[in-house]
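Colleague: Need the 3D shape of this:
(3 chains)
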Amino acid sequence: MRIKLDASQPFDLEATLCCGQAFRWEKQDDWWKGVVANKILKIRQKGAELQFENVGSDFVKAYFGLNDDLVSIYAQINKDRQIGQAIQKFDGLRILRQDPWECLVSYICATYKNIPAIKRMLQNLAQRFGEKISFDNQGYYAFPTPERLAEASITDLKKCSLGYRVHYVQQAAKKVNENESEFAQIRNLTYEKAKAKLLGFSGVGLKVADCILLFSMGKLEAFPVDRWIDRVILRYYSNHFSQEFVSKISRKQSSLSKAEYERLSAFGRNYFGKYAGYAQEYLYHYERSCQ
DNA sequence: AGCTTACCTTGTGC
DNA sequence: AGCACAAGGTAAG
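Modeller: Prediction:
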């Protein structure tokens, strides 16, 4: 199937899948392959045309955020030179609408890990507990269901290199499995209420909650602050904070306190507005790409 | 009430 | 070899 992209609606498949928001996409030749909704989605971009197999157009549009009015979003978040450069470099990067359950587990696992290690953990979980799906003579694995992970033993979960995160993942699986519809409803709440619900999961703090809200629940105002964004704010936006706060944050070795996190994240939401999450993702990807 | 500290595991890169 | 560090969270004090 194909989608012709509107010239007024930029899209960059590569940037969207490489910016670190999703962990289970692989590129083979010029095709991207990922497991979404228990199906293999195979997709590539040729200029303004998207070519894909195995799923419908509506699904592709929803998953890749093609319904977001990116031109309008740019107009609202393009506030300064730094974000302007990031937008220019990654023009067409979009926020995905991932599966909330997979996103929950992904970002519980993401604490204190780099992206390659996160990918490996999730791949381990899928191989060990996910349903096998064959496609193009290759074996893929669906992301494990809450039910399947809820019944997995700590011993088996540990074999996936989750480390201390095994207990968080197991508890999350049990909680979601006990009431799947309640979990599914979280995305329909406001940003604040949805965040409060997510914080009820052990292993989910402010940062992880913001990632889940942004990457799977369409809460585009969420502004996750990780080490990279922390660095970006200190480098380019420190004039928005007091001298004391800046020097305190820049001296920190350990993680941010709740209050410090909220101050940085609230800055992002206030400064960039209701699409702050888009700004975050551009700044994050740009900062990492300049390493 | 809000902050600091220790601890939670594993892998990678210098 | 040894160490720092990686899209952090929790519980104790």
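Colleague: Let's test this: name the helix or strand in chain A with the lowest mean pLDDT.
Modeller: With mean pLDDT, DSSP states H and E as the measure, the helix or strand of chain A carrying the lowest mean pLDDT is helix A:243-251 (a mean of 86).
Colleague: other SSEs contacting that one?
Modeller: For helix A:243-251, the packing partners by 3 or more C-beta pairs under 8 Å, 6 or more residues apart in numbering; DSSP states H and E come out as helix A:227-236, helix A:258-272. Every C-beta, even on glycine, is put in place using the N, C-alpha and C of the backbone.
Colleague: Just put these in a markdown table and tack on mean neighbour count.
Modeller: Compiled in a markdown table, the helices and strands packed on helix A:243-251 are given as follows (neighbours: other C-beta atoms under 10 Å):
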| stretch | mean neighbour count |
| --- | --- |
| helix A:227-236 | 17 |
| helix A:258-272 | 17 |
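Colleague: What is the distance between the least confident helix or strand of chain A and the centre of its chain?
Modeller: Relative to its chain's centre, helix A:243-251 lies at 28 Å (C-alpha atoms, centre = their mean, to the nearest Å).
Colleague: Over to stretch A:185-195?
Modeller: Counting by C-alpha atoms, centre = their mean, stretch A:185-195 is centred 16 Å from the centre of its parent chain.
Colleague: Take that stretch, keep the C-alpha atoms, and write them as PDB.
Modeller: Extracted in PDB, the C-alpha atoms of stretch A:185-195 (Å, rounded to 0.1, in the frame of the first residue of the first chain):
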ATOM      1  CA  GLN A 185      -8.400   4.300  29.700                       C
ATOM      2  CA  ILE A 186      -5.400   6.200  31.000                       C
ATOM      3  CA  ARG A 187      -4.700   7.800  27.700                       C
ATOM      4  CA  ASN A 188      -8.200   9.400  27.700                       C
ATOM      5  CA  LEU A 189      -7.400  11.300  30.900                       C
ATOM      6  CA  THR A 190      -5.800  14.800  31.100                       C
ATOM      7  CA  TYR A 191      -2.000  15.000  31.100                       C
ATOM      8  CA  GLU A 192      -1.900  15.500  34.900                       C
ATOM      9  CA  LYS A 193      -4.400  12.800  35.800                       C
ATOM     10  CA  ALA A 194      -2.800  10.300  33.400                       C
ATOM     11  CA  LYS A 195       0.600  11.100  34.900                       C
END
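Colleague: Quick one: mean pLDDT over that stretch.
Modeller: Across stretch A:185-195, pLDDT averages out at 94.
Colleague: how about the helix or strand harbouring residue A:287, does it get close to DNA strand B?
Modeller: Element membership for residue A:287, per DSSP states H and E: helix A:276-289. No. Shown here: helix A:276-289 not in contact with DNA strand B (C-beta under 7 Å from any atom of the strand), separated by at least 14.1 Å.
Colleague: Can you give the contact residues for that helix?
Modeller: A:15, A:18-21, A:73, A:77, A:82-83, A:85-87, A:89-90, A:93, A:95, A:214, A:219-224, A:226, A:228-229, A:231-232, A:268-269, A:272 (C-beta atoms under 8 Å, 6 or more residues apart in numbering).
Colleague: Just the buried ones from those residues?
Modeller: A:15, A:18-21, A:73, A:77, A:82-83, A:86-87, A:90, A:93, A:95, A:214, A:219-224, A:226, A:228-229, A:232, A:268-269, A:272 (16 or more other C-beta atoms under 10 Å).
Colleague: Assign the residue nearest to residue A:122 when sequence neighbours are not counted to helix, strand or coil.
Modeller: Computed as C-beta to C-beta, 6 or more residues apart in numbering, the closest residue to residue A:122 that is not its neighbour in sequence is residue A:23, at 5.2 Å. Secondary structure, DSSP: H, G, I helix; E, B strand; the rest coil: residue A:23 is coil.
Colleague: Next, count neighbours for residue A:23.
Modeller: If you count neighbours by other C-beta atoms under 10 Å, residue A:23 ends up with 21.
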